[in-house]
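how would this look folded up:
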Amino acid sequence: MERWGTMRRGSERLGERCASHGPAPSSLNVAAGRRWTGPVAAALLSLSLLSACALGPNYKRPPVETPESYRSDGGPEAAPTDAEALADLPWWQVFQDPVLKGLIEEALANSYDIRLVASRVEQARSAVGVTRADLLPQVSYEGSAQRARFFNFSDENVTGNQFLGAFQMAWEIDVWGRIRRATEASLANLFATEDVQRGVILSLVTGVAQAYLELRELDEELAIARRTRESFQETLDLFTRQLVGGVGNKLATSRAEAALASTAATIPDLERQIVAKENQISILLGRKPGPIERGAALTEQTYPPKVPAGLPAALLERRPDIMQAEQTIVASNALVGVAITNFLPRIGLTTLFGGQSDDLDNIVKGQGNVWSIGGSLVGPVFQGGRLYYNYKGSVAAWEEAKLAYQQTVLNALGEVSNALVARQKYAESRTEIERQVKALQDSVHLATLRYTGGLATYYEVLEAQQQLFPAENSLARTELNQLVTVVGLYRALGGGWRSEEQRQPESYPRRREVLDKLAPGHGQRE
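Just a heads-up that it's a prediction; the model follows:
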């Protein structure tokens, strides 16, 4: 009794009620073309009205507190709010490099990730149809032919034939909404899978963009390394000429040769990294590993000058992972309703119509007609606690889904804030590193002039060159980080997938209001 009391209180806490979910399948459809009268019609009509209700809690979005603006600037200050956001721009307006645009187009068309998730969407869509099918009468046919010798009490045993041909119908009338709640959960799983597909589109667009920028940064580092190698080679040649002329020393040439070798050693490793990055991009594109076309240099890449983050509340409708987490709640919410209805009896209707005769010719004639109609009621009496613990587990899964949703929202807010702060700080760092590189370039030039004029030692020349090389690499990486931060912000805001769906609606999920016709009213929110 205590367990049943807990079940009742839990149902009240969950807001258990009989809620309308749109028009139920008409019970009179089983008699299409025929007219039912009397008590049978009244009973069927009553069941039809009852089946318009579904037990269990209706879905309500969990409350999530979102700030009025994103945190930025690395401090307590908030980023200025703007109704428009970078994520509202289509990806082909965010990324300006024509070669990069072509690579993203190819990835969206040929990537295995896109094709894999598209297959999962089709599986989920088919699962909705399978679940929803239980709402409708299940019609089957049966036929048999038998020849046997039958026992006869009054006379000799009789040998004869027996033929049967009939149509059967079985229909579980969804009085408590068990099937409709299960269909609601299946539909939510479909929507969640579609959101996964949207997340793959977003990840693919930004992933290709980031990998391409990283490739161009490696190209820049390779050019710096080769340029530095040439500079060290010129220095070594200068020191060698002075040594041969009797005005230099072996220590200077040895130090210059060591610096040259150290720089030259970085070139094979950079070439290795470039090949690995090209292979990574090729796989994203669905190609065999191979060379990747190049477009604008790293320093020539441009992005929209204004990158507003928009309103934090918009993330709930834009980020695919948040939308997926919400649909997981919808599914878990519906499964609680299924668990509740499992305590109640299942009401069914069965019919049979056909012919039976010992003569095959008479099986379709009036004297061979057979028919039956009946109802059934099957419910649990004792299950050893199975249904109760199934219900408790469903409630726990529902609570877990709500917590996961709230955590996903918090993570999204943090990612946007991190991207905004990183963009600003990398811009500040780039300004200082550019000053450093310019000063070191002047230092190398002046040190070389002083050395050739006899006013400085070889050490000043080598030191200036050795400081310039890592500074130029640091500038290239900072330029990359600045560009990648814009890509990361676009990803964090959930940009890219919506414009792609609108551009190619035939390739991506149908609108949810169309899909909802599979199960009218399911997923209805309060």
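
in the chain, which residue is closest to the centre?
Val196 (1.8 Å; CA atoms, centre = their mean).

what is the helix or strand where it lies packed up against?
Using DSSP states H and E, Val196 sits in helix 178-244. Counting contacts by 3 or more CB pairs under 8 Å, 6 or more residues apart in numbering; DSSP states H and E, helix 178-244 packs against helix 98-110, helix 112-132, helix 250-285, helix 320-341, helix 386-452, helix 458-492, helix 497-503, helix 512-515. Bear in mind the C-beta positions are built from the backbone N, C-alpha and C, glycine included.

let's see 6 Å
helix 98-110, helix 112-132, helix 250-285, helix 320-341, helix 458-492, helix 497-503 (3 or more CB pairs under 6 Å, 6 or more residues apart in numbering; DSSP states H and E).

chain center to the fifth one: distance?
Helix 458-492 sits 34 Å away from the centroid of its parent chain (CA atoms, centre = their mean, to the nearest Å).

go through it and flag the buried ones.
Within helix 458-492, the residues scored as buried using 16 or more other CB atoms under 10 Å are 458, 460-469, 471-473, 475-492.

in the protein, where is pLDDT below threshold?
Applying pLDDT under 70 to the chain flags the ranges 1-52, 73-84, 154, 305, 364, 366-367, 507-526.

same thing but 50
1-17, 19-37, 40-45, 47, 49, 74-78, 511, 513-514, 518-526 (pLDDT under 50).

for the residue nearest to the centre of the chain, what are its contacts?
Residues near Val196 by CB atoms under 6 Å, 6 or more residues apart in numbering: Val117, Gln324.

I'd like the distance between it and Thr266.
Applying CB to CB, to the nearest Å, the value for Val196 to Thr266 is 41 Å.

next: Ala170.
Using CB to CB, Ala170 is found at 75 Å from Thr266.

the two: which has the busier surroundings?
Thr266 (18 against 14; other CB atoms under 10 Å).

wait, that one touches Ala225, no?
Yes - judged on CB atoms under 6 Å, Thr266 makes contact with Ala225 at a distance of 5.0 Å.

let me know the angle separating the helix holding Val196 from helix 98-110.
Counting by axes from the mean of the first three to the mean of the last three CA atoms, to 10 degrees, helix 178-244 lies at 140 degrees to helix 98-110.

buried residues in stretch 358-373?
Ile363, Gly368.

just the endpoints, please. Distance across it?
Taking CA to CA, to the nearest Å, stretch 358-373 runs 23 Å from one end to the other.

oh, and call the first residue 47 from now on, that's how I've got it
Taking 47 as the first residue, the last one we looked at is stretch 404-419.

what's next to it, contact-wise?
By CB under 6 Å, 6+ apart, the residues outside stretch 404-419 that reach it are Gly206, Asn207, Gln208, Phe209, Gly211, Thr397, Leu398, Phe399, Gly400, Gly401, Gln402, Ser403.

give the other helices and strands that the helix or strand harbouring the second one contacts.
In this assignment (DSSP H and E), Asn207 forms part of strand 204-219. Helices and strands touching strand 204-219, by 3+ CB pairs under 6 Å, 6+ apart, are strand 184-196, strand 392-403.

now do 10 Å
helix 85-96, strand 184-196, helix 224-290, strand 392-403, strand 415-424 (3 or more CB pairs under 10 Å, 6 or more residues apart in numbering; DSSP states H and E).

tilt between it and strand 392-403?
Using the same axes, to 10 degrees: strand 204-219 against strand 392-403 is 150 degrees.

would you mind getting the angle between strand 204-219 and strand 184-196?
160 degrees.

so in that sheet, which strands flank strand 204-219, and in what orientation?
strand 184-196 (antiparallel), strand 392-403 (antiparallel) (DSSP bridges).

just the buried residues of the last one, please?
Using 16+ other CB under 10 Å as the test for burial, strand 392-403 gives Arg392, Ile393, Leu395, Thr397, Gly400, Gly401, Ser403.
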